[in-house]
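>>> coords below, sequence missing:
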């Protein structure tokens, strides 16, 4: 059975908990996800979160598909804004790079000391509705689980002064991301409920 030495695991877990505490102090953890990540980090000594995102809307400037570095981010939101706000940023953009609109659901990375706990938290995530959850990697630093929702949208929006979407599409886009965040919140609450019950 795969598992990490308890003493080594305590050092690993303490490192990630300290990083998480610093991120909380700096308001670098999405407010929508903190209730869930706090619970995960307190519910079992054999698991710890390493990163998280509640869900987000991105405007990205990309020369080539697949580029997703920090410097590519034109704007981002972790809660749904009025569509007029997104539209204003699109209208202001006149860059040579392609501007993309991305809608992305929740993603949480959790490290586990044992394979059995990794499978437990992954299965619980799936039961809560995070259908893309999986064991991501196994190493001497722990088993990493990715908890992920299914919602994704990647849409080319603009290049230079040429806009690729019709004006009447903005209302549809707004409905899509409000619906996505509604699903994100319900799924998060379901996961919290299951974790509190510790019930598969």
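Done, it's in. Model, not experiment: these values are computed from the prediction.
>>> Could you point out which residue ranges in this protein have low pLDDT?
1, 64-71, 199-200 (pLDDT under 70).
>>> the helices in it, which residues?
6-25, 34-43, 83-92, 115-128, 169-197 (DSSP state H).
>>> what's the burial count for residue 112?
Using other C-beta atoms under 10 Å, residue 112 has 27 other residues around it. In this view, the C-beta of every residue, glycine as well, is placed from N, C-alpha and C.
>>> ok, and the closest non-adjacent residue to it?
residue 118 (3.9 Å; C-beta to C-beta, 6 or more residues apart in numbering).
>>> what number of residues lie near the one you found?
Residue neighbour count, defined by other C-beta under 10 Å, stands at 24 for residue 118.
>>> Wait, it touches residue 147, no?
No. Counting by C-beta atoms under 8 Å, residue 118 does not reach residue 147; the two are 11.2 Å apart.
>>> what do those two both touch?
Shared contacts of residue 118 and residue 147, defined by C-beta atoms under 8 Å, 6 or more residues apart in numbering, comprise residue 110.
>>> check contacts around the residue nearest to residue 112.
So residue 118 contacts 47, 110, 112, 135, 143, 144, 145 (C-beta under 8 Å, 6+ apart).
>>> Roughly how far does it sit from residue 110?
According to C-beta to C-beta, to the nearest Å, residue 118 and residue 110 sit 8 Å apart.
>>> Between these two, which contacts overlap?
Common neighbours of residue 118 and residue 110, counting by C-beta under 8 Å, 6+ apart, are 47, 144, 145.
>>> Dump the residues you listed into TSV; add distance to residue 161 and neighbour count as well.
Output for these, formatted as TSV (distance: C-beta to C-beta, whole Å; neighbours: other C-beta atoms under 10 Å):
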residue	distance to residue 161	neighbour count
47	50	21
144	44	18
145	45	28
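>>> In strands, which of those appear?
Judged by DSSP state E, these include 47, 144, 145 as members of strands.
>>> Could I get these in CSV, plus columns for distance to residue 36?
Below are these laid out as CSV (distance: C-beta to C-beta, whole Å):
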residue, distance to residue 36
47, 13
144, 17
145, 14
